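In: here you go, sequence then predicted model.
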Amino acid sequence: MRKAFRSGLLALSALGLSGCMSVTKDGRDLFAPSDSLAYFPKKTQTQVLLNDLPAPQRQVAVAVYGFTDQTGQFKPTEAGQTLSRAVTQGASSMLVKALQEAGSRKWFTIVERERLDNLLKERQIITEMRKRYLGEEEPDRRALPALLFAGVLLEGGIVGYDTNTVTGGAGAAFLGIGARTEYRQDTVTVYLRAVSVRTGEVLTTVTASKTIASQALGASAYRFVAFKELLEAEWGITSNEPDQVALQQAVEKAVYGLIMEGVELDLWKFEDMAGAEPMRTYYRKERDGQYDARDLQNAFEKAGSLSALKVKEEKKRESGGS
């Protein structure tokens, strides 16, 4: 009986340790240093939401001079604080990409302003070279037309990065064999505002947040299997949601909210206002706390598209809301 128990316990520990030596379908160690190829990340939930926005009556010319980290936080480590920032410094690039994806590139005309000096220097080089080698005293407007200007400035930045907003865990052990789980949530918050270039008026403001989830699972065995024979085995895995992806989703959500708020305030309009009414209804309910963000996502996933959601809402109204 004792021998069978020892064999079973050894088999259990070997099974647990085999998790650390898991292999993929092509025979590679799952936890070994990755040598995978570069890839294009999958679209996030907020990217799909932006792409599905209906087309506007006309494009809005916008400029982004900077969308910076305003938290001033540095990344904490076990050894202490480092000089690395807690969040990425590339939020401006994320904002420009999100603006391009709105309505499948139909909503905004984006003019370069973050690196305006580089653009002006390059245009100056073109003017100088044409003057020197073509003898142009005045630059040819067809060769070098005037720069586009924006009617709306987009300002704001990352205004909050709160760590350990939710922490917890659970564990249990029996006769030296146990398992445990731990989890933690951080929160990143961005603020975005639209400013009229003509008057300087702040047209509308939006705040969006995204939680960053981390989870750890582990198991251990600690038992004397014979006199002076101690068995110790441990297994664990940790999953951390990338901070960059969470920030990207928060920025995309802010752009989505900015567009919807602009429509609500009559700053701009959808080309088909009646067709966009179901989306506006869901947005109002989410903004006012009646719906959760997941409710909106589930509604669009079940409907398949905005037009299908419109038909579904019309049928619901015709049947008296049942």
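Out: Received, thanks.
In: contact partners for residue 218?
Out: 179, 180, 181, 234, 235, 236, 237 (C-beta atoms under 8 Å, 6 or more residues apart in numbering). (Glycine included, C-beta is placed from N, CA and C.)
In: got it, and residue 187?
Out: 160, 161, 162, 165, 209, 210, 211, 212.
In: helix, strand, or coil at the nearest residue to the first one once chain neighbours are set aside?
Out: By that I understand residue 160. In space, and not counting its chain neighbours, residue 160 is closest to residue 189: 3.6 Å by C-beta to C-beta, 6 or more residues apart in numbering. Three-state assignment for residue 189 (DSSP: H, G, I helix; E, B strand; the rest coil): strand.
In: measure residue 189 to residue 260 for me?
Out: Counting by C-beta to C-beta, to the nearest Å, the gap from residue 189 to residue 260 is 18 Å.
In: ditto for residue 204
Out: 10 Å.
In: which of residue 189 and residue 260 has more neighbours?
Out: residue 260 (22 against 17; other C-beta atoms under 10 Å).
In: give me the mean pLDDT for the strand or helix carrying the more buried one.
Out: Under the criterion of DSSP states H and E, residue 260 resides in helix 243-264. Per-residue pLDDT values over helix 243-264 give a mean of 91.
In: in that helix, what's buried?
Out: By neighbour count with 16 or more other C-beta atoms under 10 Å, helix 243-264 contains the buried residues 243, 246-263.
In: ok, stretch 152-167 next?
Out: Here stretch 152-167 shows 152, 153, 154, 155, 156, 157, 158, 160, 161 as buried, counting by 16+ other C-beta under 10 Å.
In: what does stretch 126-135 give?
Out: 127, 130.
In: chain center to it: distance?
Out: Chain-centre distance of stretch 126-135: 45 Å, with C-alpha atoms, centre = their mean, to the nearest Å.
In: which residues touch that stretch?
Out: For stretch 126-135, using C-beta under 8 Å, 6+ apart, the contacting residues are 136, 137, 139, 140, 143, 144.
In: state the mean pLDDT of it.
Out: 85.
In: and what of stretch 279-294?
Out: pLDDT averaged over stretch 279-294 gives 81.
In: ok, back up a step: which of the buried residues of stretch 152-167 lies closest to residue 273?
Out: Residue 273 lies nearest to residue 152 out of the buried residues of stretch 152-167, by C-beta to C-beta, at 20.4 Å.
In: check contacts around that closest one.
Out: Counting by C-beta under 8 Å, 6+ apart, residue 152 has contacts 60, 61, 62, 63, 194, 195, 196, 197, 203.
In: what pLDDT does the closest residue to residue 238 other than its chain neighbours get?
Out: Closest residue in space to residue 238, ignoring its immediate chain neighbours: residue 216 at 4.4 Å, by C-beta to C-beta, 6+ apart. Predicted confidence (pLDDT) for residue 216: 92.
In: what are the boundaries of the helices in the stretch 51-200 of the chain?
Out: 91-101, 116-134 (DSSP state H, counting those that start in this stretch).
In: do the stretch 201-322 of the chain as well
Out: Along the stretch 201-322 of the chain, the segments classed as helices by DSSP H, counting those that start in this stretch run 243-264, 277-287, 293-303, 306-318.
In: thank you, goodbye.
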